[in-house]
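**Student:** this one's structure only:
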């Protein structure tokens, strides 16, 4: 077939297929145009899931009559500024829109009407129906300046596209989610969203900055996010990361609460999502996902926003730098949170309580079984002195002075602090051999002793690994692993690096590796499988990833097996020692799987349970 130029209408419809996939993507383009126009108030209306009608009204600087005709032409845009020589740098994009295809693409598949007024000018209107452009004409406009863009019968000119649309409800939900993302990135702009005549979102403009941003996020994600979010604000080599990330115990079952923005542009980027996942790797199980709203500010020259027609993806010039900044900033915030746990944990506990009006409590009743309280400090502790790192601390810090049967009162020497004033309080009882009940000055704390000590042991093991003191164990019989000659050469070439991780390997003829020592953390491991996994990783990534990842996983497993087990009776000093260690250990508010290690109930919460408030 001979080569032909496509008609302009066909070209526009092809572009529409790339840029306008569904009603929400059309709204995204129009809202970004309003934001680039300096709007401080944006109103969005959508009927029939956006397929019947879309209206975007803003108070931006508007357009003059001669600009209206240009606005619906392909590759005509106000978003790129030429230099003195008339050249345009496509890598220096400082606006949200840049392609100059959205309006002509929408006009080619729908009935598009744009009404606009520039400051000090008269309002004019232009209409495009299925690619047929009408002349600019005078029109009425309700405000002193701004624009109103109305889209009717989206995809009427391409009926086949309508078959791929989802239900009106699904399209409406996609529109709502898109407006939420735009509102998160621009807290200084007021947003109103009406779906089928009903206002579903009304957000006033907030003061720019961390406080205003958090108020906007609370309005969109709920007060629980506000109460359990950690402030993120880190910079590295001219790149700034800001926003908020949830505590590990405020995790979700999917990644739906992860919002990422690059220079104010909402994106779905695998690099950013992977960095977010990596930062929480030590704190969440594989099926849990952190909640976070992160904003990356970077020089436009170091990020390519022109790699996706819908501008949903970006490409960084130095992805390793960006990933390192995200992981480092999040881990710094999580470390600073200390033993803090999510407030929703206590809310869930309170929701599970029911009022009890049955018979009076009796120590011999079934409900009292498993309770191991005490009346003083005369309980023997010798039976549990074999708990590593816990019993010695209980003797050094928590044992009461000789002759005392209880903690001293306020008249006692200041050198012996009252544990009730500590963040996690003073241990009062152990129930079912699993949970420690402690009293604080304004409430109570319930601790899962196994989960708490698991985190303490895990953090201690990580510290040892960071200090390079990985203990090795010699194999009674060195193991020979047969490999492909090229694989064996790659493993031997990294022998020194593997030795730092506790794995000692030597060449053993052509295509074989001799393993003499393995990391003690791995215990009785599958040496054959381990070496083959390392060889595969070296071939794919050039780094011994399998071993380092396996060490991290085994650390968690060993911490679980080496911690205080559920059902083990602890003495009062040991329980208090555990509480003090939790207060001094970062991340102790959750175990290695992201579950909470303690629940705190304030006194007013207890009073509400018993009808005192």
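**Tutor:** That came in fine, so what should we check first? Being a predicted model, the structure only gives us computed values, none of them experimental.
**Student:** Residue 597: neighbouring residues, count only.
**Tutor:** 25 (other C-beta atoms under 10 Å). Bear in mind the C-beta positions are built from the backbone N, C-alpha and C, glycine included.
**Student:** Setting aside sequence neighbours, what's the nearest residue to it?
**Tutor:** Of all residues not flanking residue 597 in the chain, residue 452 sits nearest, at 4.1 Å (C-beta to C-beta, 6 or more residues apart in numbering).
**Student:** shouldn't the one you found be in contact with residue 590?
**Tutor:** No. Residue 452 lies out of contact with residue 590 (C-beta atoms under 8 Å); the separation is 9.6 Å.
**Student:** quick one, what contacts the residue nearest to residue 597?
**Tutor:** 578, 582, 588, 591, 597-598 (C-beta atoms under 8 Å, 6 or more residues apart in numbering).
**Student:** at 10 Å instead, please
**Tutor:** Residues counted as contacts of residue 452 (C-beta atoms under 10 Å, 6 or more residues apart in numbering) are 339, 424, 436, 563-564, 578-579, 581-582, 585, 588-591, 596-598.
**Student:** Can you give me every residue that contacts residue 603?
**Tutor:** Listed by C-beta under 10 Å, 6+ apart, the contact partners of residue 603 are 440-444, 612-613.
**Student:** cool, and residue 594?
**Tutor:** Residue 594 neighbours (C-beta under 10 Å, 6+ apart): 247-251, 280, 282-290.
**Student:** Distance of it relative to residue 588?
**Tutor:** Look at residue 594 and residue 588: by C-beta to C-beta, to the nearest Å, they are 13 Å apart.
**Student:** CSV please, covering the contacts of residue 603 and showing distance to residue 212.
**Tutor:** Shown next, in CSV, are these (distance: C-beta to C-beta, whole Å):
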residue, distance to residue 212
440, 33
441, 34
442, 31
443, 32
444, 36
612, 37
613, 33
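**Student:** Of the residues you listed, which one scores lowest on pLDDT?
**Tutor:** Within the contacts of residue 603, residue 613 has the lowest pLDDT, namely 68.
**Student:** on that earlier part again, out of the contacts of residue 603, who has the most neighbours?
**Tutor:** Neighbour-wise, the contacts of residue 603 (other C-beta under 10 Å) top out at residue 440, 19 neighbours.
**Student:** so who does the residue nearest to it when sequence neighbours are not counted touch?
**Tutor:** Nearest residue to residue 440 in three dimensions, chain neighbours excluded: residue 425, at 3.6 Å (C-beta to C-beta, 6+ apart). Residues in contact with residue 425 (C-beta under 10 Å, 6+ apart) are 418-419, 436-445, 447, 576, 579, 583, 600.
**Student:** Recalculate using a threshold of 8 Å.
**Tutor:** Taking C-beta under 8 Å, 6+ apart, one finds 419, 438-441, 444-445, 579 in contact with residue 425.
**Student:** got any ranges where the stretch 101-250 of the chain has weak pLDDT?
**Tutor:** Residues of the stretch 101-250 of the chain that meet the criterion pLDDT under 70 lie in 101.
**Student:** can you give me the helices for it?
**Tutor:** For the stretch 101-250 of the chain, the helices defined by DSSP state H, counting those that start in this stretch occupy 102-109, 159-162, 168-185, 210-221, 223-227.
**Student:** coming back round to it: please report how far the residue nearest to residue 440 lies from residue 599.
**Tutor:** 12 Å.
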